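S.K.: Generate a structure from the sequence data that follows.
(3 chains)
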Amino acid sequence: MRYFLRRIGFFLATLWAAVTLNFIIPRLQPGDPAEIMFKKLQGRDAELDPAKIEALRAMLGDPAGKNLWEQYWNYLGSLSRGELGLSYTYFPYDVATVIGVALPWTLVLVGTTLLISFVVGTLLGAFAAWRRNTRFDSIVTLGSTFIGTLPAFWLALLILFAFGYVLGWFPTAGGYDASTPGWNAEFIGDAIYHSILPASVLLITGPIGWILGMRNTMIMNLGEDYVRLARAKGVPDTQIALRYAARNALLPSITGLALALGSMLGGQILIEQVFDYPGLGRLTAQAIDNKDYPLLQALLLFTIVGVLLANLIADMLYGILDPRARKAQS
Amino acid sequence: MALLEVKNLGVRYEPRLHKPVQAVDDVSFEIAEGEFVGLIGESGSGKSTLANALLRLVERPGRISGGSIVFDGNDLATMTQDELRPYRWRDISTVFQSSMNALNPVVRVVDQFRDAIELHSDLRGDAVVDRVRQLFGMVMIEEKFLTAYPHELSGGMKQRINLALALVNKPRFVLLDEPTTGLDVVVQRSILEAVRTLQAEQKFAVLFISHDMGTVLDLSDRILVMYAGRIVEEHDSADLMRNPLHPYSKGLLGSYGDPRAQTVRITYVPGRPPDLTREHAGCLFAPRCPERIDRCLSVEPELLAVDGARVACHVAQLQAEPEDGVEVPARSAKFAGPEFVKSDDESKEALSQHAFLTLSDVSKTYRTRNGFTFSDFTAVDDVAFELRRGAVTALVGQSGSGKSTLAKLITGVEKPTAGTIMFHTREGRAIDVVGLRPGQLRDYRSKVQMVFQDPYSSLNPTKTLGYILSRPLRNFLGLSGEALKQRVEELLEKVALTPASRYRNRYAYELSGGQRQRVVIARALASNPELIVADEPISSLDVSIRAEILELLHDLVQESDVGILYITHDLLSARMLADEIIVLSQGRVVEQGRALTVIRDPSDDYTRKLLDAIPNPFDKLDRPA
Amino acid sequence: MSTGVTQPTDSSNLPVGGEELAAAEAEAVEAAGPRWWSIIWANRKARVGIVILGLYILLGVFAPWIAPYEGTRTDFEALLEPSAEHWLGTTTSGGDIASQLIWGTRVSLLVGLFGGLFATIIALVVGMISGYFEGTWIDEVLSFVTNVALVVPILPLIITLMAYTEDRSIWFTIFVIAITSWAGAARAKRSQIITLRNRDFVTAAKFSGDRSWTIVFREIMPSMSSLIMAGFFGAATGAVGAEAGLSFLGLGDTSSVSWGTMLYQANQQGALAQGLWIWLFVPGLALAILITAFTFVNFGIDLLSNPHLREDG
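M.R.: Predicted coordinates:
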């Protein structure tokens, strides 16, 4: 039980740290953050909408004339009410709405490809470890090492260039076109068609971490004494591979899953930018271009909280599956 | 026909980046149905490789390079893994070393029995659990541990369960590979008793592999002695003790002595085992052998029958069948090499010396936080004793008895919760160890030095011996330049690492275990200390060279007026080195007195229990047959 | 003397066979040169990595002499085909692709070197302090900070930090990358220092009168060198990739040319639609080869800390 309480405690503490970090970042520059931002925005928009100024103030916890503590309390208060401010890019929508529109695109794309990558990568890694030093192993290991060195967004550019522009097999931008969003076959088919190129990039780069990670842990486990004992017991090879080595090697991968989600969401920003895909990544790129700070901050907070939640779930799962974890941490 | 016939077996390691090693070379022996055979070998003898070969578990870059392993008429050495599977665990099972994780850490114990049972029998479901229950009863483990995970069990319990697991399918042959190494003596004893009883009942054949002759001789009908990948002697146990033939066997036996004797003598084998990656001619033991003749240096001896045993030694063979013109030493059961002697008279004299460290009513309680609650654990409970200049005091106890905590308190690493520790220097200054501030502690440590258990971890692998020895000289004595260099060489020579100039620039990994421990002792001597705390300094060394280190420590006490606090779990070695013995149990002193008195006439039950647990090959001889 | 008994081994004259062998072994080790270098060099991948890295460093250092033009010049005719004057042609805005590529090497190497260096230093300081004071409140705080930094997704954080800054010099990029990407390495160093700290040789050094800092730097650090090296190359790989990604989002240093900014401009100025594949292809390839070199060198370093791997080649 103590293990689980500790993990929840860590989650809450990290959550607080992330929220506070989000509060601190705009204030890192010298001077009044609101003033600086107004100046930046004024340079861009000839005339500044008073509503936009209000939105900015709200995001910053109404800095005018208040000390840092009061600003912090205001910020926490509006955060707890779900008020993240208004987006300038999609003015006058509030950022939560804007994120809500983009979220499903990223969630479905990243979720599906992460899961497929995990399964495929783990299987390939386990099999490579089992057939260690064979041709299969060296092809898989060298292949993943090689692909792992390619910058994912460059790979995305090449794939888009080849299949989108040169061959013209797939659309070059967007998440859908002619159809109207909704639960109809036409739209879903359209969305899938648009997602094939971005998904292929994620599916090429995604499994690499799992392949190499699983191969290493599995090789280590195959050298463990209990695996040798299983051999001495006469347990058939396939059972040794699956029930002894692979099973135990899978455990650390579970916690890795949450961390992978974090790095995938990061990489997603670049890939959505390449494919002009209407998810959180493209939204981030737009926010950067438009200096849409409320949106940018909300996106950061949103990503962090998502990853923290995933991490918490993974920790809980690990605690249930590995009896040693419960013991070691208590 | 024997159950197991091993003929000319060889195992070779061929790593890509190192020279190949013939780890097991031309090994032949037989084991009959129901026979208990012991195999003795020290580190690097190839005994574990042989065990792996018998189980067909040798992995790349190793391989069986030749010979056969005929089990019940079929050669295991040439079978495929699939052909082998029906034999595994039904006919042949094993218990690994206790330090190993033989049990899968994430699977409940009962399920680890289940696959072994279901693979080789028709039992299913509840019948399986009943069988496991029955086995738990045999090794005296409570049933509630059926559903435990391995990390919830103690080391002794794990080994009992491993033993039960080995017997699950009533095998005909069980290989025990150092099954009790690293466990406490009393636990070790109880597991060996279980092995003895179960073997007597179920009549399976056993090959018991160990580095410790004491534990093996007691149980075995017959002994194989292994050295440098070869069997050098095969002999009935009782007869081996009376008439060992190979000088190495004599050396191994010589490292045991009777602790009850007025004067104890134990021998040791000088030098180190050969490097098997090098070409060699003649007998591999010759460089360390006190009986060697010229032939030993050029002709490799074969394992031949001599007096009802088999031995691979020219001298022993010539003694049995003399050849004209070849002179050999007269046959002797005693190892003709160096000997370490300790007499009770020395102890009497040493105990008349002045006390220089006094512990009064010392207690140490550790507090551990468990969430919001605290729990207290008393490691040392109201302990009082004195240490004398020029005397060795042994602190004897099992792990958890508080002996290591006492070492920390005496060296000032930790502070006691209650009590006083006073140190009186040679100059007559009194130091209150408990009240030392961090700055003063450094000064105090120039007077109190440590020798550690594991010479592999107590020497920094990235530093030369010269650097390691120079630190205390520089820090405490302020030496530098030529004087420093000279003193380093003196220290190396003092611990017999000669010529010193050749060792100064060496790294610890280039030395043998015994040599490393010499360096550790030299470092402890560097600051001219008054007290040396030696924490199990010989327990990680090969049995045949232990006395060498004991002798070195003994000579130090004789030559300079240092006192030694010798911390050990082993009463025999305590008797060998110490003048006074203090027995600790659960943080309390249960017995204290002159070494021989404690051994001969223990007043406490716990001391008696420890004494009984000492593996002594000669016990068997003492008992009326 | 044809036959007869040789002298029994005398205990005072210990150096018999075994010791002679030991000394001979030691001499053989010394003759082979520094051990770590020969282990790394013996690995083919590591050798390839070192050679490629060496070529990149030469290219970066001698860029002004090797490159035909300044990397920032954009006054050429746009969209020229590859020729003797313009080896890889020109961009839509009239930049020489070959020159941009060669000058870009400098940025990537600089970011890799200093990003890796700073991240390693932060990881080292945090990991060492945390590990050395294991169990105290200092460790609790530092471990918590490390764990937070580990779970927080790095790229979104870097992007947000960069987006607030107007002055995006290379040094600021390096700084931001370094302060966000040290956590994994810090954790590895912490656990290694805990194992090392509990080794007897550290206790022995205390008994030899060495002070804490002497122990940390002279006893513990040398045993960690391969981990530190591996951490450096890992961090350098990450930094090079992160810089390229940031530049691709338009968050790079605008006053110099990097491979990331080349790709940013190519993407922004429609290189894909116009089929300008050279512009698209070469910066990414250069990046991929550099990262491959880092990875290969790290294979060699892994061999130092993990002798088991040496058998696999």
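S.K.: need the contact list for B:Ala53.
M.R.: Applying Cβ atoms under 8 Å, 6 or more residues apart in numbering or on different chains to B:Ala53 gives the contacts B:Leu9, B:Val11, B:Val24, B:Ile64, B:Ile69, B:Ala77. No exception for glycine: its C-beta is placed from N, CA and C like everyone else's.
S.K.: which of those residues tops the neighbour count?
M.R.: Per-residue neighbour counts (other Cβ atoms under 10 Å in any protein chain shown) across those peak at B:Val24, which has 31 neighbours.
S.K.: and that one, that's in a strand?
M.R.: Yes - according to DSSP: H, G, I helix; E, B strand; the rest coil, B:Val24 belongs to a strand.
S.K.: contacting residues for it?
M.R.: B:Leu9, B:Gly10, B:Val11, B:Gly46, B:Thr49, B:Leu50, B:Ala53, B:Gly229.
S.K.: Once you drop chain neighbours, what's closest to it?
M.R.: For B:Val24, ignoring the flanking residues on the chain, the nearest one in space by Cβ to Cβ, 6 or more residues apart in numbering or on different chains is B:Val11 at 4.0 Å.
S.K.: any idea how far that neighbour is from B:Phe29?
M.R.: Noted for B:Val11: a distance of 15 Å to B:Phe29, by Cβ to Cβ, to the nearest Å.
S.K.: for B:Val269, same thing?
M.R.: In this view, B:Val269 and B:Phe29 are 23 Å apart by Cβ to Cβ.
S.K.: Looking at these two, which one has more neighbours?
M.R.: A count of neighbours by other Cβ under 10 Å puts B:Val269 above the other of B:Val269 and B:Phe29, at 29 against 20.
S.K.: quick one: secondary structure of that one?
M.R.: coil.
S.K.: before we move on, the earlier item: what is the nearest of the contacts of B:Ala53 to C:Val48?
M.R.: B:Val11 (35.9 Å; Cβ to Cβ).
S.K.: Same question for that closest one, what's its three-state structure.
M.R.: The three-state assignment at B:Val11 reads strand, by three-state DSSP.
S.K.: Do I have it right that it meets B:Pro61?
M.R.: No - using Cβ atoms under 8 Å, B:Val11 makes no contact with B:Pro61, being 11.2 Å away.
S.K.: so what's A:Pro198 scoring on pLDDT?
M.R.: We have a pLDDT of 93 for A:Pro198.
S.K.: Report the spatially nearest residue to it, omitting neighbours in sequence.
M.R.: A:Phe275 (4.7 Å).
S.K.: Quick one: neighbours of that neighbour, just the number.
M.R.: A:Phe275 has 28 nearby residues by other Cβ under 10 Å.
S.K.: these two touch, right, it and A:Leu197?
M.R.: Yes - contact status for A:Phe275 versus A:Leu197: in contact at 6.0 Å, counting by Cβ under 8 Å.
S.K.: Identify the contacts common to these two.
M.R.: With Cβ under 8 Å, 6+ apart, A:Phe275 and A:Leu197 have common neighbours A:Ala156, A:Leu160.
S.K.: what about the helices in chain A?
M.R.: All helices of chain A, identified by DSSP state H, fall at A:2-24, A:33-44, A:50-59, A:68-80, A:95-130, A:135-149, A:152-159, A:185-222, A:225-233, A:237-239, A:247-275, A:280-289, A:293-321, A:323-329.
S.K.: got the angle for the fourth one vs helix A:2-24?
M.R.: Orientation note: helix A:68-80 sits at an angle of 120 degrees relative to helix A:2-24 (axes from the mean of the first three to the mean of the last three Cα atoms, to 10 degrees).
S.K.: For helix A:68-80, enumerate the helices and strands it packs against.
M.R.: Contacts defined by 3 or more Cβ pairs under 8 Å, 6 or more residues apart in numbering or on different chains; DSSP states H and E place helix A:68-80 against helix A:2-24.
S.K.: hey, C-alpha coordinates of stretch B:64-73 in PDB?
M.R.: Extracted in PDB, the C-alpha atoms of stretch B:64-73 (Å, rounded to 0.1, in the frame of the first residue of the first chain):
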ATOM      1  CA  ILE B  64      32.400 -29.000 -24.400                       C
ATOM      2  CA  SER B  65      35.600 -29.700 -26.300                       C
ATOM      3  CA  GLY B  66      35.700 -33.500 -26.000                       C
ATOM      4  CA  GLY B  67      34.900 -36.600 -24.000                       C
ATOM      5  CA  SER B  68      31.600 -38.100 -22.900                       C
ATOM      6  CA  ILE B  69      29.100 -37.900 -20.100                       C
ATOM      7  CA  VAL B  70      27.300 -41.200 -20.100                       C
ATOM      8  CA  PHE B  71      24.200 -41.300 -17.900                       C
ATOM      9  CA  ASP B  72      22.500 -44.600 -17.500                       C
ATOM     10  CA  GLY B  73      24.000 -45.800 -20.800                       C
END
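S.K.: if we can go back for a sec, tabulate the contacts of B:Ala53 (CSV), appending pLDDT.
M.R.: Converted to CSV, these look like this (pLDDT from 0 to 100):
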residue, pLDDT
B:Leu9, 96
B:Val11, 95
B:Val24, 94
B:Ile64, 95
B:Ile69, 96
B:Ala77, 93
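S.K.: wait, what's in contact with B:Asp171?
M.R.: Actually, residue B:171 is Pro rather than Asp. Residues in contact with B:Pro171 (Cβ under 8 Å, 6+ apart) are B:Trp89, B:Arg90, B:Asp91, B:Ile92, B:Ser93, B:Phe204.
S.K.: Give me the spatial nearest neighbour of the residue in the stretch 201-330 of chain A positioned nearest to chain B, chain neighbours excluded.
M.R.: Nearest residue of the stretch 201-330 of chain A to chain B (Cβ to the nearest Cβ) works out as A:Gly234 at 3.1 Å. Spatial nearest neighbour of A:Gly234, excluding adjacent residues (Cβ to Cβ, 6+ apart): B:Arg88 at 3.1 Å.
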